[in-house]
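Participant: Next input, structure requested:
(chains A and B)
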Amino acid sequence: MTGGAHGVASEFLGATVRTATPLLLASIGEVVAERAGVINIGLEGVVLAGSFGALIGATHGGVAAAYAAAAICGLAMAAVFAVFVLWTSADQIITGTAITLLALGLTGTLYRSIYGATGALLTLSTEQPLSIPVLSGIPWIGQALFAQPPITYFAYLTVPAVWWWMYRTHGGLALRAVGESPRAAAAAGISPRRVRLLALLFGGLLGGIAGGMLVVAQAGTFAEGMSSGRGFVAIAIVVLGRWHPVGVAIAALVFGAASALQYLLQALGLALPYQLFLALPYLLTLAGLAGVAGRVLAPAALARNDEELA
Amino acid sequence: MLPAIIGGIVAATALLLAVGGYDVAAAARALVGGSFGSWYAFGSGTLVRATPLVLTGLSVAIAFRAGVFNIGAEGQFLAGAAAATAVALALGDASRLVALTLPLFAGCLAGALWAGIAAVLRSRFNVLEVISTLLLNFVAGFGVSYLVRGPLQEPTHIYPQTSTISLAAQLPRLGAATRLHAGSLIALACACIAWWVMRSTAAGFRVRAAGANANAAAIAGQIDVRRTTMRAFLVSGALAGVAGAIEVMGVTFALYENISPGYGYTAIAVALLARLDPAGVIVTGVLFGALDSGAAAMQRDANVPSVVVMVVEAAVILALLAADRIRIQPRAHAAVAETVIAETAA
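Facilitator: Numbering: from 1, shown residues only, chains lettered A, B, ... in the order given. Sure thing, here's the model as predicted:
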């Protein structure tokens, strides 16, 4: 820390980015799923499964193995969700809740059976920050944005990549068509079920990596239920970001900044209860939803199951 | 159908435990012994845990019936528990009647208010209640954390919990043999009333109609759908709030963090397994109470992590979804909607 205002600002930005990036990854995945008309409340479970996968991967391999395992676990949870929602037309909200419970129970049981009931504090090999030359030298924001673990840069890149794919390719058009009107899409020769399956799996992949990031790039260890609501927050961020990749990126940053506010206010010496700061991002999200949700339309077919999904 | 589902889930859980390297036979003995094995286990374990589950289960069942996805029973439970504790502590040694009724009422009100936030967000601002209730669950958790470390902390300021509420505010035990308290009778009464209201009254009919098909209810039934669903939402919150109040007044006698081991989430499995029928919630509440109680014994005696219960809960929900094709969303209830229209026309 260089001390003074610069140090505080740098710490604030660093904390913002740290909180925002896992949320960004998870919500970019969820945007794709929701634009196909599926809301996956089980994202919380997907993220948690990803964290657990990263634990397994990191203990048996290195950082790369951790992310691979995280992605696979996230993918698996999303696949279970997809099977129930797309093939038995089960209710999306209830299925998602069950997926979250399933992940909480499975990871807890397996964690205790593998690592013992006491859950000895594990320290895992973590991802080291990689400074990007020139960019990391930008005053104020350089260190916070561009001296991060590589996975953070991956998260940045998903935003333009998903935006481009969603709005500039036939695949993206098909995705949005299915989210607005599966029947019309089917009439145009698109298989809504196939599109939704792939969208959900993509969401599971990114959600799993987001969970892995919590372990490998941040905590350096696993704790039961360590996703602690990030999956739920990511779903709110999708609404706040108006179902648009760029909007989602902004919303994730705002949530991260709200969470990081505690560092700033602590530095100012304000003696407010810390729980207020913990609750603040959630309250701001609720306020933001009240401001946004009334004016913006969700994908028309969101959370609906059509019987004749082909 | 039900036996097949239960059998399948039992087998799957046993398999999971076997894979995890646990002694399945010992686990099963502990599970049964800790839930139905003795009168003490049944009363102090199963029924004590069933009490909040029946109430939160009713909360979810009524909301879902009305087409409201209230996933916030957990937060409403915490709000009720906090309000009941605050009122009970403030009252001190009031007369028995006041000391018992006011905290219960406060819990009821706090639960309804907490749900009311999400209800207003839905009706005024179009915010999906699924998201708002989930977020409010976290806010409620932070709120309780603040209370037990701040204004309501016990006088020595060592433990993150409140003082014990006065004897007058503690719900009486039902007999000396077990820890079963009068709160279980309140839960039972609530379930019976809810069953009667939903089945036999105009209000219950409006709730079912609005939840089954909002358009048909509004057009053919002349029902004010928005008002009906909002009222159901508030009642749902009140029930979860009462559950929190009863947990404090009958079991813990103080407020602390993690006072709920996820009753609000288990409630979803309780309600769905009961097919959203309030009378059925009594049975499924006891079933899940037994499961919780048995799992605690399993952890104690067979060293099996009790979180395995969550896997069972998830399996119950998923099995029901697959077997029954339960769909609560309005448009999927064409058949019910037709009945409603027919009933209204007659």
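Participant: Quick one: name the residues of the stretch 201-310 of chain A near chain B.
Facilitator: Neighbours of chain B within the stretch 201-310 of chain A, by Cβ under 8 Å from any Cβ of the partner chain: A:224, A:229, A:232-233, A:235-236, A:239, A:273, A:275-276, A:278-279, A:282-283, A:285-286, A:289-291, A:293-294, A:303-305. C-beta here means a position set from N, CA and C on the backbone, and glycine is covered the same way.
Participant: so of the residues you listed, which ones are in helices?
Facilitator: Those of these mapping onto helices are A:232-233, A:235-236, A:239, A:275-276, A:278-279, A:282-283, A:285-286, A:289-291, A:293, per DSSP state H.
Participant: can I get the CA coordinates of stretch B:189-200 in CSV?
Facilitator: This file holds the C-alpha atoms of stretch B:189-200, laid out as CSV (Å, rounded to 0.1, in the frame of the first residue of the first chain):
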residue,chain,number,x,y,z
ALA,B,189,-54.3,-25.8,14.7
CYS,B,190,-52.9,-23.6,12.0
ALA,B,191,-52.8,-26.6,9.6
CYS,B,192,-56.4,-27.5,10.4
ILE,B,193,-57.6,-23.9,9.9
ALA,B,194,-55.6,-23.5,6.7
TRP,B,195,-57.0,-26.8,5.4
TRP,B,196,-60.6,-25.6,6.2
VAL,B,197,-60.0,-22.1,4.7
MET,B,198,-58.5,-23.4,1.5
ARG,B,199,-61.1,-26.1,1.0
SER,B,200,-64.4,-24.6,2.2
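Participant: show me where chain A has helices.
Facilitator: Assigned helices in chain A, in chain order: A:4-35, A:43-60, A:63-82, A:92-115, A:142-146, A:150-168, A:170-180, A:182-187, A:192-213, A:230-240, A:245-267, A:274-293 (criterion: DSSP H).
Participant: Pick out the shakiest of those helices, pLDDT-wise.
Facilitator: Per-stretch mean pLDDT for those is lowest at helix A:142-146 (a mean of 79).
Participant: Of the ones in helices among the residues of the stretch 201-310 of chain A next to chain B, just the buried ones, PyMOL syntax please.
Facilitator: Entered in PyMOL, the line below selects the buried ones among those, by 16 or more other Cβ atoms under 10 Å in any protein chain shown:
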select buried, chain A and resi 232+233+235+236+239+275+278+279+282+283+285+286+289+290+293
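Participant: what's the distance between residue A:241 and chain B?
Facilitator: 13 Å (Cβ to the nearest Cβ, to the nearest Å).
Participant: Spit out the contact partners of that residue.
Facilitator: Counting by Cβ atoms under 8 Å, 6 or more residues apart in numbering or on different chains, residue A:241 makes contact with A:27, A:31, A:247, A:248, A:249, A:250, A:251, A:252.
Participant: Correct me if wrong: residue B:114 contacts residue B:241.
Facilitator: Yes - between residue B:114 and residue B:241 there is a contact at 7.1 Å, judged by Cβ atoms under 8 Å.
Participant: Which residues are in contact with each of these two?
Facilitator: In contact with both residue B:114 and residue B:241: B:76, B:79, B:80, using Cβ under 8 Å, 6+ apart.
Participant: what would those look like in JSON lines with secondary structure?
Facilitator: As requested, the shared contacts of residue B:114 and residue B:241 are exported to JSON lines (DSSP: H, G, I helix; E, B strand; the rest coil):
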{"residue": "B:76", "secondary structure": "helix"}
{"residue": "B:79", "secondary structure": "helix"}
{"residue": "B:80", "secondary structure": "helix"}
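Participant: Please identify which of the residues you listed is nearest to chain A.
Facilitator: Of all the shared contacts of residue B:114 and residue B:241, residue B:79 has the smallest distance to chain A: 13.3 Å, by Cβ to the nearest Cβ.
Participant: Kindly provide the distance from the closest one to residue B:251.
Facilitator: For residue B:79, the distance to residue B:251 (Cβ to Cβ, to the nearest Å) stands at 17 Å.
Participant: which one of those two has more residues nearby?
Facilitator: residue B:79 (31 against 17; other Cβ atoms under 10 Å in any protein chain shown).
Participant: quick one: pLDDT of the more buried one?
Facilitator: Value listed for residue B:79 in the pLDDT field: 98.
Participant: Repeat that for the one 5 residues further on.
Facilitator: In this model, residue B:84 is scored at 97, pLDDT.
Participant: Skipping its backbone neighbours, what lies nearest it in space?
Facilitator: Spatial nearest neighbour of residue B:84, excluding adjacent residues (Cβ to Cβ, 6 or more residues apart in numbering or on different chains): residue B:245 at 3.5 Å.
Participant: And the helix or strand containing the one you found, what does it pack against?
Facilitator: Applying DSSP states H and E as the criterion places residue B:245 in helix B:225-247. For helix B:225-247, the packing partners by 3 or more Cβ pairs under 8 Å, 6 or more residues apart in numbering or on different chains; DSSP states H and E come out as helix B:48-65, helix B:73-91, helix B:96-125, helix B:183-200, helix B:202-212, helix B:214-219, helix B:263-273.
Participant: can you tell me which of those helices the model trusts least?
Facilitator: What stands lowest among the helices and strands packed on helix B:225-247, in mean pLDDT terms, is helix B:214-219, with a mean of 85.
Participant: Give the buried residues for that one.
Facilitator: Neighbour-count burial for helix B:214-219 flags B:214, B:216, B:217, B:218 (criterion: 16+ other Cβ under 10 Å).
Participant: List, one by one, the residues from the stretch 1-150 of chain B near chain A.
Facilitator: For the stretch 1-150 of chain B, the contact set with chain A under Cβ under 8 Å from any Cβ comprises B:16, B:20-22, B:69, B:71, B:117, B:121, B:124-128, B:130-132, B:134-136, B:138-139, B:142-143, B:145-146, B:149-150.
Participant: Enumerate every residue touching residue A:232.
Facilitator: Per Cβ under 8 Å, 6+ apart, neighbours of residue A:232: A:41, A:43, A:44, B:131, B:134, B:135, B:138.
Participant: any chance of those in JSON lines, with distance to residue B:306 too?
Facilitator: Listed next are the contacts of residue A:232 as JSON lines, based on distance: Cβ to Cβ, whole Å:
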{"residue": "A:41", "distance to residue B:306": "24"}
{"residue": "A:43", "distance to residue B:306": "25"}
{"residue": "A:44", "distance to residue B:306": "20"}
{"residue": "B:131", "distance to residue B:306": "29"}
{"residue": "B:134", "distance to residue B:306": "24"}
{"residue": "B:135", "distance to residue B:306": "27"}
{"residue": "B:138", "distance to residue B:306": "23"}
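Participant: Neighbour-wise, which one of the residues you listed leads?
Facilitator: Sorting the contacts of residue A:232 by how many neighbours each has (other Cβ under 10 Å) puts residue A:43 first, at 35 neighbours.
Participant: looking at it, that one is touching residue A:206, isn't it?
Facilitator: No - counting by Cβ under 8 Å, residue A:43 stays clear of residue A:206, with 9.7 Å between them.
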